[in-house]
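In: Structure for the following, please:
(chains A, B, C and D)
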2 protein chains.
Amino acid sequence: MSWRKEQRRAERGYHHGNLKEALLQAALGLIAEKGAAGFTFADAARMAGVSAAAPYRHFRDRDELLSSIAQRGFEQFEQRLTAAWDDGRPDTVTAFERVGRAYLAFAREEPAFYGAMFESGLPVDANPALQAASERAFNIIRAAAERLAALAPPGTPRPPAMMMALHIWSMAHGVASLFSRGDAARRKLPMSPDELLEAEVLIYLRGLGFPTDRPSGKSAEPPPVPPEASSGSGVPPGGPWGKPK
Amino acid sequence: MSWRKEQRRAERGYHHGNLKEALLQAALGLIAEKGAAGFTFADAARMAGVSAAAPYRHFRDRDELLSSIAQRGFEQFEQRLTAAWDDGRPDTVTAFERVGRAYLAFAREEPAFYGAMFESGLPVDANPALQAASERAFNIIRAAAERLAALAPPGTPRPPAMMMALHIWSMAHGVASLFSRGDAARRKLPMSPDELLEAEVLIYLRGLGFPTDRPSGKSAEPPPVPPEASSGSGVPPGGPWGKPK
DNA sequence: CGGCTCATGTAAAAGCCGTTCACATGAGCT
DNA sequence: AGCTCATGTGAACGGCTTTTACATGAGCCG
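Out: I've put the predicted structure just below:
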């Protein structure tokens, strides 16, 4: 039993050399596997091949490790949302929907980060750095909403961008939490979470007076460059929910 | 120290008499106080004045106690949604919005139940009884959506009720999770969670072609539905988000 | 090169929790 | 009155978190 540990130590020496990073990676794997609640400090230490006390040289306690992961998560989240938004190209509505899909994709593809960010029970606002990172991510949605709001059809009152952003965020988060993660994903749905969210956002935007039948319809913006750019996200004829039978 | 426990036992005898219920109540309090993750079996036992092993006579393990609470939560949730829906009185749209508010109210007023139901990481679909209870609650929303869908303005394709229900659920859950609970509630918002959700739902319904503003307002599709649906749902003129300044 | 220092690791221990097991109690039935 | 079995107890095991005193060795300074 003990020879294993000894061997590992022989391989890497008394000092690990990169323990902090190793712990973060280990924790990421463990959270992805067993959830933010199930993850233990001791397990991460074991996985990194160090004693249970070693992590305390790099993190005040278990919560600080979790916070670090959440922080990184928000940063990656921000990056992905930024890339998805792509400054509103090729047109605002298309890019906006892409942001929604990016939200779901992140929740699906980075369950560990998502778990640390939204399901770990961490007091986000107790950690200024964490709160700032969270805010930066949200600001992407906010900026996108702002651009969208500016396109509001004339004649109708302009919706507050902040409110729109909060609405979109709540939709994406609701769909991700309820239908796109872990066991919840097993709920039987008439459509995929992606489709569900896309329809939801489209209906919402239509409620605000935006033209959402992009492919063929006239949009408030000059039409996007090539027609096929909108393939895949196009609204099927008959509305955002497809053909009623 | 020990005389305390002895005294308690003297007061209530060797047998507790109603331990199962006492444990459920204790757990409810603890979860409300420290979150579903922070709650411990041992604490509940202590609070009930019994040894740490006693709870095992009533619950297979900690998870089963949590499941029991989630189960009760879904039942109460169903009751409150049913009451809010009130079979669609006085009119469908008004009742529909009332359901949304009831959702938020439940999340706010019963944090322990809500936590056990949605934030405890319990595998809902591993427990048939729990899953059934969850489904019954959702069915209230589904039924309401069905009634609403039936009122869809003629000429437009009828939205699938199931999809509407899922949309509404995700909105309510998203708003509740992000803005209406615990620390998250401290995020500074331009409006209350209730107002936020109400506006969101109204915009969404308008996107489906429902007339959601007061009779005086002009909508894209003026045809008023049967007198039943023309409500006094209290939408301020100018849209669901109030007057822009 | 030799020695010092301090960041980084370890073992051990205290205290908590979940869970199990053998045993105790007494409520309710016969 | 006596029996039985559901219900409660104490002790014990292993695991986790966190602290403390001690060990190691990498990097710097003369």
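
In: wait, isn't residue A:122 in contact with residue A:62?
Out: No. Contact between residue A:122 and residue A:62 fails when scored by Cβ atoms under 8 Å: they sit 10.8 Å apart. In short, each C-beta sits where N, CA and C put it, glycine included.

In: Those two - which one has more neighbours?
Out: Just comparing residue A:122 and residue A:62: by other Cβ atoms under 10 Å in any protein chain shown the higher neighbour count belongs to residue A:122, 19 against 16.

In: sec struct for that one, please.
Out: Following DSSP: H, G, I helix; E, B strand; the rest coil, the label given to residue A:122 is coil.

In: if I pick it, what's in contact with it?
Out: Residues touching residue A:122, when contacts are defined by Cβ atoms under 8 Å, 6 or more residues apart in numbering or on different chains, comprise A:63, A:66-67, A:70, A:116, A:130.

In: give me phi/psi at it?
Out: Summarising the backbone geometry of residue A:122 under the convention degrees, to the nearest 10, its torsions are phi -70, psi 140.

In: Residue A:89 too?
Out: When read as degrees, to the nearest 10, the backbone of residue A:89 gives phi -90, psi 150.

In: hang on, it packs against residue A:98?
Out: No. The pair residue A:89 and residue A:98 does not pass the contact test of Cβ under 8 Å, sitting 9.6 Å apart.

In: Of these two, give the one with the bigger neighbour count.
Out: When residue A:89 is set against residue A:98 and neighbours are counted by other Cβ under 10 Å, the residue ahead is residue A:98, at 21 against 13.

In: Name the helix or strand for the more buried one, please.
Out: In the assignment (DSSP states H and E), residue A:98 maps to helix A:92-109.

In: can you list the residues of chain A near DNA strand D?
Out: Contact residues (Cβ under 7 Å from any atom of the strand) of chain A with DNA strand D: A:13-15, A:40-43, A:52-53, A:56, A:61-63.

In: Just the buried ones out of the residues you listed, please.
Out: A:41, A:43, A:62-63 (16 or more other Cβ atoms under 10 Å in any protein chain shown).

In: So which of the residues you listed sit within helices?
Out: Those of these mapping onto helices are A:41, A:43, A:62-63, per DSSP state H.

In: Distance to residue B:198 for those - can I get that in JSON lines?
Out: Rendered in JSON lines, the data for these read as follows (distance: Cβ to Cβ, whole Å):
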{"residue": "A:41", "distance to residue B:198": "43"}
{"residue": "A:43", "distance to residue B:198": "45"}
{"residue": "A:62", "distance to residue B:198": "39"}
{"residue": "A:63", "distance to residue B:198": "36"}
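
In: Filter these to keep only those in contact with chain B.
Out: Among those, no residue sits close to chain B (Cβ under 8 Å from any Cβ of the partner chain).

In: residue contacts, the closest residue to residue A:119 other than its chain neighbours?
Out: Closest residue to residue A:119 in three dimensions, ignoring its sequence neighbours and counting by Cβ to Cβ, 6 or more residues apart in numbering or on different chains: residue A:36, at 5.5 Å. For residue A:36, the contacting residues are A:66, A:112, A:115-116, A:119-121, taking Cβ under 8 Å, 6+ apart as the criterion.

In: let's go with 6 Å and repeat that
Out: Applying Cβ atoms under 6 Å, 6 or more residues apart in numbering or on different chains, one finds that residue A:36 lies in contact with A:115-116, A:119-120.

In: likewise residue A:55?
Out: Contacts of residue A:55 were listed using Cβ under 6 Å, 6+ apart, and they are A:23, A:41, A:45.

In: what does chain A put close to DNA strand C?
Out: Where proximity means Cβ under 7 Å from any atom of the strand, the interface of chain A facing DNA strand C comprises A:5, A:9, A:14-17, A:19, A:49-54, A:57-58.

In: out of the residues you listed, which is most surrounded?
Out: Scoring the residues of chain A next to DNA strand C on neighbours with other Cβ under 10 Å, the highest-scoring entry is residue A:50 at 21 neighbours.

In: Backbone dihedrals for that residue, both of them.
Out: Note on residue A:50: its backbone torsions stand at phi -120, psi 170 [degrees, to the nearest 10].

In: just residue A:153 next, same as before
Out: phi -60, psi 140.

In: So which elements touch the helix or strand harbouring residue A:131?
Out: Applying DSSP H and E as the criterion places residue A:131 in helix A:128-150. Contact partners of helix A:128-150 among helices and strands, from 3 or more Cβ pairs under 6 Å, 6 or more residues apart in numbering or on different chains; DSSP states H and E: helix A:62-85, helix A:92-109, helix A:161-179.

In: Check which residues of the second one are buried.
Out: For helix A:92-109, a neighbour-count test (16+ other Cβ under 10 Å) marks A:92-107 as buried.

In: And the longest one, by the same measure?
Out: For helix A:62-85, the neighbour count (16+ other Cβ under 10 Å) marks A:62-63, A:65-74, A:76-78, A:80-82, A:84-85 as buried.

In: Could you list the alpha-carbon positions for it in CSV?
Out: Once side chains and other backbone atoms are set aside, the C-alpha atoms of helix A:62-85 remain, and they are given as CSV (Å, rounded to 0.1, in the frame of the first residue of the first chain):
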residue,chain,number,x,y,z
ARG,A,62,-11.9,23.7,0.4
ASP,A,63,-14.1,26.6,-0.4
GLU,A,64,-11.2,28.7,-1.7
LEU,A,65,-10.4,25.9,-4.2
LEU,A,66,-14.0,25.8,-5.3
SER,A,67,-14.0,29.6,-5.6
SER,A,68,-10.9,29.4,-7.8
ILE,A,69,-12.5,27.0,-10.1
ALA,A,70,-15.7,29.1,-10.2
GLN,A,71,-13.5,32.1,-11.1
ARG,A,72,-11.8,30.3,-13.9
GLY,A,73,-15.2,29.1,-15.0
PHE,A,74,-16.6,32.6,-15.3
GLU,A,75,-13.5,33.6,-17.2
GLN,A,76,-13.9,30.8,-19.7
PHE,A,77,-17.6,31.5,-19.8
GLU,A,78,-17.0,35.1,-20.7
GLN,A,79,-14.6,34.0,-23.4
ARG,A,80,-17.0,31.6,-25.0
LEU,A,81,-19.9,34.1,-24.8
THR,A,82,-17.7,36.8,-26.3
ALA,A,83,-16.7,34.5,-29.2
ALA,A,84,-20.3,33.5,-29.7
TRP,A,85,-21.4,37.1,-29.8
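
In: quick one: contacts of it?
Out: By Cβ under 6 Å, 6+ apart, the residues outside helix A:62-85 that reach it are A:27, A:41, A:59, A:95, A:98-99, A:102, A:106, A:113, A:116-117, A:120, A:122, A:127, A:130, A:133-134, A:136-137, A:140, A:144.

In: quick check: angle from it to helix A:128-150?
Out: Compare the direction of helix A:62-85 with that of helix A:128-150 by axes from the mean of the first three to the mean of the last three Cα atoms, to 10 degrees and you get 20 degrees.

In: Work out the gap between helix A:62-85 and the centre of the chain.
Out: Centroid separation between helix A:62-85 and its chain, computed with Cα atoms, centre = their mean, to the nearest Å, is 9 Å.

In: Touching stretch A:188-206 from outside, list them.
Out: A:97, A:100-101, A:104, A:171, A:175, A:179-180, A:212, A:240-241, B:162, B:166-167, B:203-204, B:207-208.

In: now do 8 Å
Out: Counting by Cβ under 8 Å, 6+ apart, the neighbours of stretch A:188-206 from elsewhere in the structure are A:93, A:96-97, A:100-101, A:103-104, A:108, A:148, A:167-168, A:171-172, A:175-176, A:179-180, A:185, A:212, A:233, A:235, A:240-241, B:159-160, B:162-163, B:166-167, B:170-171, B:200, B:203-204, B:206-208.
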